[in-house]
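Just need the structure, nothing else, for what follows:
(one chain, ligands or ions: 1)
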Amino acid sequence: MMLHELTISELTTRIGRREVSARQAMQACLDQIHRTNPSLNTFIKLDPEKALADADAADRALAAGESHSKRPLLGVPLATKDVIAVKDQPLNCGSRILGDFVSPYDATVSRKLKEAGAIIFGRLNMDEFAMGSSTENSAFGVTRNPWDPTRIPGGSSGGSAAAVAANQCYAALGSDTGGSVRQPAAFCGCVGLKPSYGRVSRYGLVAYASSLDQIGSLTKSVPDAALLLETLGGHDPLDSTSVPQPVPRFSHELTGDIRGLRLGIPREYVVGGLDPEVKASVDNAVKHLVSLGAEVQEISLPHTEHAVATYYIIATAEASANLARFDGIRYGKRVEGTDVIDLYARTRGSGFGAEVKRRIILGTYVLSSGYYDAYYLRAQKVRTLIRSDFTRAFEKVDAIVTPTSPTPPFKIGEKANDPLQMYLMDIFTISANLAGICGISIPCGFTASSPRLPLGVQLLGPALGESTLLRIAHAFESTTDWHREQAPV
Ligand code: GLN
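Model prediction:
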């Protein structure tokens with residue numbers, strides 16, 4: 001296996017044994033980026049000299065006796081979606097409106113990664129302000145899927161997923177407001193974990209829809225996802241919505257034993273438009289889990305049909321408020337005007353892309369005094385119903401199994417002019433954000449097409465139920481080979 005193809009745990013084992021240095025690992029990533037980035041467009045900003053200098057610092061720490069028992073990510077090159085603040089790195093959120101803004105501070109997740117010894121390098125492409133499912137809505141151009149460059153990598157964390165799938169970094173962080181970690185993970189053949197709302201601090205994550213946003217990981221394996229979650233999780237006084245609960249040692253709970261665990265298959269999730277290959281691969285995944293000792297039952301999540309509409313009211317309402325701060329006065333780009341209102345209009349008019357504008361307009365509309373009750377307030381009530389669907393389901397089952405996306409990755413441009421079709425792609429992922437529960441997507445097969453395309457299965461667990469989720473995902477992964485396949489880049 002090539003150095004850049006290793007998982008985090010394989011890499012740290014080799015670094016620990018002094019078989020490779022952090023510098024060699026970093027150089028392997030940089031070489032891979034140099035070779036593949038012109039076609040993939042995953043990294044939109046990169047400072048190779050700083051990355052190598054940070055790797056040298058990690059090697060010095062190792063030489064001075066530091067080890068992975070105290071700093072589990074020492075010397076591991078990781079990258080973040082361009083919506084997470086890393087001190088002294090550019091922060092653009094895939095948008096023009098931030099101009100040449102450089103982050104003056106670290107997000108809590110960035111600080112924790114650094115404390116654990118990781119080298120955070122480069123900025124990964126994304127849909128502007130995380131609004132999208134395809135990474136086509138970026139001011140920095142579209143990202144391509146490493147399995148088929150004519151197709152989208154998913155979104156909005158498409159840069160993160162494609163970079164991990166192309167072995168340009170050992171893992172990446174993304175954000176998931178309605179599926180943006182899990183869906184690109186499925187489309188690129190990696191593991192995408194969206195923790196429960198509040199498990200990971202959002203301090204330093206640029207807000208899209210604050211009641212739905214959560215930082216998640218894109219990794220090459222389930223143990224790597226477990227390791228990152230135990231590194232990143234926990235209460236943070238800087239994020240009042242982070243949960244004051246201890247973080248389990250997830251990686252110690254990957255026993256491989258899922259005998260007797262109860263899995264629920266929601267009957268509402270067999271929808272029109274569900275691709276037959278996706279369905280077959282998820283059915284096979286369920287059979288496989290049963291062969292490992294899990295028990296399956298049909299469950300009902302009766303309000304599923306309202307999830308997409310509910311999400312697109314709540315998310316746009318929150319976005320319209322959150323994005324008001326990009327006014328040309330405080331950050332980044334400014335287009336002068338005849339007065340301050342004109343300055344706002346010109347800055348925002350030229351700084352935001354079409355999808356962001358569409359959502360700000362939608363969100364402002366659903367919050368406006370005449371329509372608040374009909375849209376926003378009603379959506380909040382339906383959100384409560386969706387949440388109680390899950391509460392009831394988790395009285396009967398330990399986890400829920402669904403496809404991650406109704407189709408395999410689609411062609412670049414295929415849905416770009418049809419926002420509604422694009423929004424419907426989120427049908428299986430957004431309910432988890434509305435309910436605040438956790439979810440993971442893991443590789444479960446490929447299409448029969450040429451080139452073949454990765455398929456993902458999603459597991460959903462109750463709030464703060466990541467341990468069980470990771471255990472099931474790990475049991476599946478360690479008895480299948482899907483995650484080992486390498487993208488043809
Ligand atoms: N596709 C969804 C949207 O466009 C989800 C995005 C996300 O999770 N950030 O809102």
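
Next secondary structure after the helix-or-strand element of the chain with minimal mean pLDDT?
Least confident element among the helices and strands of the chain, by mean pLDDT, DSSP states H and E: helix 419-424 (a mean of 88). Following helix 419-424 in sequence order, the next helix or strand is helix 430-435 (DSSP states H and E).

pLDDT averaged over that following helix - what is it?
For helix 430-435, mean pLDDT rounds to 98.

what distance separates that helix from the centre of its chain?
Averaged C-alpha coordinates place helix 430-435 at 14 Å from its chain's average position (Cα atoms, centre = their mean, to the nearest Å).

So which elements touch it?
Secondary-structure packing of helix 430-435 (3 or more Cβ pairs under 8 Å, 6 or more residues apart in numbering; DSSP states H and E): helix 307-322, helix 378-396. In this view, the C-beta of every residue, glycine as well, is placed from N, C-alpha and C.

And those: which comes nearest the ligand?
For the ligand, the closest of the helices and strands packed on helix 430-435 is helix 307-322, at 5.3 Å, according to Cβ to the nearest ligand atom.

Let me know the angle separating the closest one from helix 378-396.
Computed by axes from the mean of the first three to the mean of the last three Cα atoms, to 10 degrees, the angle separating helix 307-322 from helix 378-396 equals 120 degrees.

Which parts of helix 307-322 count as buried, going by neighbours?
Buried residues in helix 307-322, defined by neighbour count with 16 or more other Cβ atoms under 10 Å: 307-308, 310-320, 322.

what's the residue of the stretch 301-450 of the chain found nearest the ligand in contact with, if anything?
When scored by Cβ to the nearest ligand atom, the stretch 301-450 of the chain has D426 as its residue closest to the ligand, at 4.7 Å. Residues near D426 by Cβ atoms under 8 Å, 6 or more residues apart in numbering: 133, 178-179, 183, 308, 311.

Apply 10 Å and report the result again.
133, 177-180, 183, 307-308, 311-312, 315, 405-406, 433 (Cβ atoms under 10 Å, 6 or more residues apart in numbering).

still on that earlier bit, as TSV, the helices and strands packed on helix 430-435 with distance to E115 and mean pLDDT would be great.
Conversion of these to TSV gives the following (distance: least, Cβ to Cβ, whole Å; pLDDT from 0 to 100):
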stretch	distance to E115	mean pLDDT
helix 307-322	28	98
helix 378-396	34	98
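
Among those, which comes closest to E485?
Distance to E485, taken as Cβ to Cβ, is lowest for helix 307-322 among the helices and strands packed on helix 430-435, at 31.3 Å.

Could you export the helix or strand following the closest one as PDB, CA atoms only?
Next in sequence after helix 307-322, counting helices and strands by DSSP H and E, comes helix 340-351. Extracted as PDB, the C-alpha positions of helix 340-351 are listed here (Å, rounded to 0.1, in the frame of the first residue of the first chain):
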ATOM      1  CA  VAL A 340     -24.700  52.500   3.400                       C
ATOM      2  CA  ILE A 341     -27.800  50.800   2.100                       C
ATOM      3  CA  ASP A 342     -26.400  51.000  -1.400                       C
ATOM      4  CA  LEU A 343     -23.100  49.600  -0.100                       C
ATOM      5  CA  TYR A 344     -24.900  46.600   1.500                       C
ATOM      6  CA  ALA A 345     -26.800  46.000  -1.700                       C
ATOM      7  CA  ARG A 346     -23.800  46.200  -4.000                       C
ATOM      8  CA  THR A 347     -21.600  44.100  -1.700                       C
ATOM      9  CA  ARG A 348     -24.200  41.400  -1.200                       C
ATOM     10  CA  GLY A 349     -25.400  41.500  -4.700                       C
ATOM     11  CA  SER A 350     -22.000  40.800  -6.200                       C
ATOM     12  CA  GLY A 351     -20.600  38.800  -3.200                       C
END
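
Which one of the buried residues of helix 307-322 is nearest to A25?
Distances from A25 to the buried residues of helix 307-322, taken by Cβ to Cβ, are shortest for N322, at 36.6 Å.

how about the residues of the stretch 201-350 of the chain near the ligand?
Proximity of the stretch 201-350 of the chain to the ligand (Cβ under 6 Å from any ligand atom) is limited to residues 208, 315.

before we move on, back to that, give me the phi and psi angles of the residue of the stretch 301-450 of the chain closest to the ligand.
phi -90, psi 10 (degrees, to the nearest 10).

on that earlier part again, format the helices and strands packed on helix 430-435 as CSV; extra columns: distance to S240.
Shown next, in CSV, are the helices and strands packed on helix 430-435 (distance: least, Cβ to Cβ, whole Å):
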stretch, distance to S240
helix 307-322, 16
helix 378-396, 20
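
right, and the ones you listed - which one's nearest D224?
Smallest distance to D224 across the helices and strands packed on helix 430-435 (Cβ to Cβ): 26.1 Å, for helix 378-396.

which parts of the closest one are buried?
Residues 378-379, 382-383, 386-387, 389-390, 393-394 are the ones in helix 378-396 that count as buried (16+ other Cβ under 10 Å).

From the contact counts, what lies against that helix?
Judged by 3 or more Cβ pairs under 10 Å, 6 or more residues apart in numbering; DSSP states H and E, helix 378-396 is in contact with strand 262-266, strand 295-299, helix 307-322, strand 399-403, helix 430-435, strand 454-461.
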